[in-house]
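Enquirer: My questions concern the predicted model and sequence given below.
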Amino acid sequence: MSIDRHRKAKEIFLASCELPVDRRASYLDDECAGDDELRHEVEGLLEFDQSTRDTMEERRPPDRIGNFRLLQKLGEGGMGEVWEAEQEGPVRRRVAFKLIKWGMDTKEVLARFESERQALALMNHPYIARAYEAGSSDDGRPFFSMEYVKGVPLTEYCDAQRLSTRDRLTLFMQVCDGVQHAHQKGIIHRDIKPSNILVAFEDGRPIPKIIDFGVAKATSQRLTERTLFTELGQWIGTPEYMSPEQAELTGLDVDTRSDVYSLGVVLYELLAGTQPFDSKELRTAGFDEMRRRIREEEPPKPSTRVSSLGAASQSAAERRRTDIQGLARTLRGDLDWIVMKALEKDRSRRYGSPSELAADVRRYLRNDPVEASPPSTTYRVRKFFSRHRMGVTASALLVLLLVAGVIGTTVGLLKAKSEAEAVRKSADVLEGMFGFLDPARPMGRALTMRQVLDLGAERVNSELEGKPLIQARLLATIGQAYLNLGHFDEALPLIERSLAIRSRELGPDDLEVAATLNTLGWVQYWLGDFRSSRESFDRSLEIREGTTSRVDSAVAESLSDLAFLEWRMGRFKIAGELFDRALEIIEVAKGPNHPEVADVLYQKSLLLNTLGCYTESKENLKRALEIRREALGADHSDVGWIIHALGLAHMGLGENETGRPYLERSLEIFEKQLGHDHWSVAFPVTRLAVADRLAGDNEAARERFERALEVRRQTLSPDHPDRVYTLFPYGEFLVAIEEYDGAEELFEAALRITEKSLGPDHPETASSNGHLGLLEWRRGNYEDAFAAFELAMPVFRERLPPRHHSIAVTNLLLAFCATHLGRNEFAVARLRDMHAVGKLTLEALEHPYLDSLRGDPDFETLVEKVRSGQ
Amino acid sequence: MTGNSKTRVMEIISGLSGPGEVDRTTAEDLFPVVYDELRRLAKGYMSRETPGHTLQPTALVHEAYLKLVDQTRADWKGKTHFYAVGAKVMRRLLVDHARERGALKRGAGWQCVTLSGALDPLGGEVLDPEQLLDLNAALEELAEIDEREARVVTLRFFGGLTVEQVAEALGVSKRTVENDWRHAQAWLRLRLSEAGPS
């Protein structure tokens, strides 16, 4: 049969399969009209298709096996299937009947099956499904029967009944009792999750029943002498509920505390309505990344999670008969700590057993003080680091340890299983060594940190030569710390070195390499080397997009950073597209209210402010502010940045006095969190100076401009473009108060910096020219002014949206100059340009500088048009 | 199993990343390694089991996977691709064996084979070597007029891949695999009934 005819027969066959049997003949009449051979083929196929269906039907287990009558299939896994069955003797009862799938009776499967049966037989507890009897079917397939639980999964039950948090906790304690019993019998469940905990009704009371001991493990190898097939390294359990030590996959080192962890996840879900790790993200992250997260990433506290989830939390709260605020309030404090203690990465810090966990829940319900609490050392050390914007990482702590000369202890720490474990261990050591790490006590801040870092960098370089990856990590950490403190020159060589080591050890396309490139990009940005920065961000994006274990949030971060840079380089259109892509990805990956969404929204608002889209910018910022406040608290410097940008947006809209409190608040946050001379304070100080000037307080304005200039001088390289953020407005101020020489100095400096660092085609370079033009115009040097504006204009037109403020102002100033130079026609043309984009006002037209145009018919037509609102 | 083969397989598997069809060159690289391991495993089975035992190729592929692949490093896709190659290898092994046996008439080794457990499309419980050769011939015929469909059958039949895994390995939709599979079952039965001696 030819390929064409085969294809045709296949098409007709498949279409026929979709039809009811009685309509097939007439369909074939139509499709195969006059082609008997084709019809014969299709009919043959349909006939055999039917016999295939029949065989599959036969493949079902017989209706009756031994004393059991099989009723309906409840579910099936890879190897076995579970049926609802009727036991007919010696007792008559409904049972769950588990048997190995047809053809799956390999030795490994048999061993696993047998171990589950034995595990069940050992246990006798009201909250565990009971095992009844075992045997094998006529075709040799082993089976066993167990208690039939007519119930629904735990979380489903709680939500359907809209159980309050208290009722959920009561049920949860019973689950703990059941797991505790299994542990006493020497059995670790290893796959505890809501779908394995069914809630049934007995005597009108809800009773949880733990089922599926299919991957359970005996603590003392009693169950079976054969190696469990699961121990050959097979992935056991369910990622969302899997303990860090299970994720290690060594298989040998899992004890009962692993179940305590899984119970912690179940509790988290019962309380917050969501799992600690985003399920979709976890599963799409790739195998190694998934395991790394389980082992290392600290999930947010349930109350934080509830506050950051928005609509999802709304319905979760409703299912708990409360609202988001109420739910967050209930969870904050004791319940947060109970859950987090169960979820400790280091099992020695978890509850020792399910009954200890249940006991703490009971204490909470009785309003007794609970055992779980924020571990004070970790808490204090964390505070210390968050005050210094270093981020809490084990590596940062390790640096301190290296500095303190406790290398011996440190090497032990380097072997710690996870980063989280290392944090805790180092926190313990630090407690003894650094008693001064009290967040309430002010300390030398940057100076102290700086000294610590200098020492740390030295030791990392000299003493970790043989451990390249650890060395690379510490170098990156110290580099990041320098970056955060604004010591960009010191950061650069460390990050570059870390990058070189990681590329060499891990290959050029590793995700760690991408992360290092990202840090490098920021260091380069702050050093004013935008071109290299762009290359680094670009390369990081390339790696993150190209990898098989793609992490959406990392891709979005790279896109957003790249967009930020494009914005800063004046390529606003590309920047806008990149921001939108980043936003789309991160919103899908993390949901609309995740802190990382706020990061992108904030960066994008900077672009919107530049483009003059202040209203849209405000919308974005308000959303970002809400998210970040919930996640970070009101005093975090990242919250300060959003408040600052909101102030800018208000000022952009001409609402200076509305903007002022925002600027003051952001300054307060920066000073408190980062110090009075940190580079960030220059931003709000500059804008406050502008507000002072607009309010007529020249004294205050000058003082603030001077302060901002000085901070930038101290913190930025001489050629860093961010300096123009102060140079422009300060110069404008000096022009306004007629200190022209002072203004000229500032604008010349701005031109030198922008030409050198940003190139001639950058809007800020054009702006430098524009400002010089403004100055010359005020001085009455109309020709010089005209030339400067003519230099600026093409760049503005190329890079800015047509209605942009800078274009309108430059057009008007060009018109003013042109009238002085006798070029009336040119002046009118500029005014027409303004009119074309709706930026020409009567106020501008009535300006005395345009008096020489009055009477000119073209000009008068234009005035008439504006007056009549055309 | 030597450490070297394991390293080799890992190298190849980690190269198998993109969705869609298993890259032919990498698949060819993997084939000999998997072939050696599977043949060794099959031989072990045959010498241990009583004569007349039914061989379960899928179980062998599974076992080979556990032996050859470092599961801490392979991802889900790597597993699917390994199974896809395993299916092809298994088909070759079984056919080779059936031919050899046909030539010798009697001998050691399996006398029946259960193809992919519950997935067996032919309705029979087990196949003897001759039926297997008939099936192989029919599959070769199918491959000439509908290559993809023949591949679907090989993967399901000899590798025990699920519909999702086949879709992943071939880079087509689940729906396409389901259609191919349904048609292939009917088509094979039809051909075998026409060709068979019975």
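Expert: Structure received.
Enquirer: hey, let's count contacts and neighbours off CA atoms from now on
Expert: OK.
Enquirer: Any figure for the gap between residue A:767 and residue A:565?
Expert: Remark: distance between residue A:767 and residue A:565 (CA to CA, to the nearest Å) = 18 Å.
Enquirer: Tell me which of the two has more neighbours.
Expert: Neighbour count, other CA atoms under 10 Å in any protein chain shown: between residue A:767 and residue A:565, residue A:767 has more, with 26 against 22.
Enquirer: so which strand or helix has the more buried one?
Expert: Using DSSP states H and E, residue A:767 sits within helix A:763-779.
Enquirer: Please apply the same query to residue A:74.
Expert: strand A:68-76.
Enquirer: And the next helix or strand past that strand?
Expert: Next along from strand A:68-76, by DSSP H and E: strand A:80-87.
Enquirer: Adjacent strands (with direction) for that next one?
Expert: Using DSSP bridges, strand A:80-87 pairs in its sheet with strand A:68-76 (antiparallel), strand A:93-100 (antiparallel).
Enquirer: for it, the distance to its chain's centre please.
Expert: Its chain's average C-alpha position is 44 Å from that of strand A:80-87, according to CA atoms, centre = their mean, to the nearest Å.
Enquirer: circling back to that earlier point, could you export the strands paired with strand A:80-87 as TSV, including mean neighbour count and mean pLDDT?
Expert: Below are the strands paired with strand A:80-87 laid out as TSV (neighbours: other CA atoms under 10 Å in any protein chain shown; pLDDT from 0 to 100):
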stretch	mean neighbour count	mean pLDDT
strand A:68-76	15	78
strand A:93-100	23	85
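Enquirer: got the buried residues for the helix holding residue A:767?
Expert: Neighbour-count burial for helix A:763-779 flags A:763-777 (criterion: 16 or more other CA atoms under 10 Å in any protein chain shown).
Enquirer: For residue 33, give me the pLDDT.
Expert: Since you didn't name a chain, this refers to chain A. Looking at residue A:33, its pLDDT reads 83.
Enquirer: Correction: the question concerned chain B.
Expert: Note on residue B:33: pLDDT of 71.
Enquirer: ok, the residue of the stretch 601-750 of chain A at minimum distance from chain B to residue A:680 distance?
Expert: Here the stretch 601-750 of chain A gets closest to chain B at one residue, residue A:601, 32.3 Å apart by CA to the nearest CA. Using CA to CA, one gets 19 Å for the distance from residue A:601 to residue A:680.
Enquirer: do residue A:182 as well
Expert: Per CA to CA, residue A:182 is found 57 Å from residue A:680.
Enquirer: and residue 136, how many neighbours does it have?
Expert: Reading this off chain A. By other CA under 10 Å, the residues close to residue A:136 number 14.
Enquirer: if you could check chain B rather than the one you did, that'd help
Expert: Residue B:136 is flanked by 17 other residues according to other CA under 10 Å.
Enquirer: With residue A:497 instead?
Expert: 18.
Enquirer: swap in the one 3 residues further on?
Expert: Look at residue A:500: counted by other CA under 10 Å, it has 17 neighbours.
Enquirer: So which bits of the host helix or strand of it are buried?
Expert: Under the criterion of DSSP H and E, residue A:500 resides in helix A:488-506. Within helix A:488-506, the residues that count as buried by 16+ other CA under 10 Å are A:488-503.
Enquirer: Just read off the phi/psi values of residue B:82.
Expert: The phi and psi values for residue B:82, taken as degrees, to the nearest 10, are phi -60, psi -50.
Enquirer: how near is the closest residue to residue A:867 other than its chain neighbours to residue A:836?
Expert: Leaving aside its chain neighbours, residue A:867 sits nearest to residue A:842 (6.8 Å; criterion: CA to CA, 6 or more residues apart in numbering or on different chains). Separation of residue A:842 from residue A:836 (CA to CA): 14 Å.
Enquirer: quick one: the strands in the chain?
Expert: The chain I'm using is chain A. A:64-65, A:68-76, A:80-87, A:93-100, A:131-136, A:142-147, A:151-153, A:187-188, A:197-202, A:205-210, A:217-218 (DSSP state E).
Enquirer: switch to chain B, that's the one I care about
Expert: Applying DSSP E to chain B gives strands spanning B:54-55, B:112-113.
Enquirer: Could you list the low-pLDDT ranges of chain B?
Expert: Across chain B, the ranges flagged by pLDDT under 70 are B:1-31, B:41-60, B:62-79, B:101-126, B:195-198.
Enquirer: confidence score at residue A:524?
Expert: As summarised for this prediction, residue A:524 has a pLDDT of 90.
Enquirer: which one is it nearest to, not counting chain neighbours?
Expert: Residue A:524 sits nearest to residue A:533 (CA to CA, 6+ apart), 5.1 Å away.
Enquirer: Tell me how many other residues crowd the closest residue to chain B within the stretch 551-700 of chain A.
Expert: Nearest residue of the stretch 551-700 of chain A to chain B (CA to the nearest CA) works out as residue A:551 at 14.6 Å. Using other CA under 10 Å, residue A:551 is surrounded by 19 other residues.
Enquirer: Just give me the residue right at the centre of chain A.
Expert: By CA atoms, centre = their mean, chain A has its centre lying nearest to residue A:596, at 4.5 Å.
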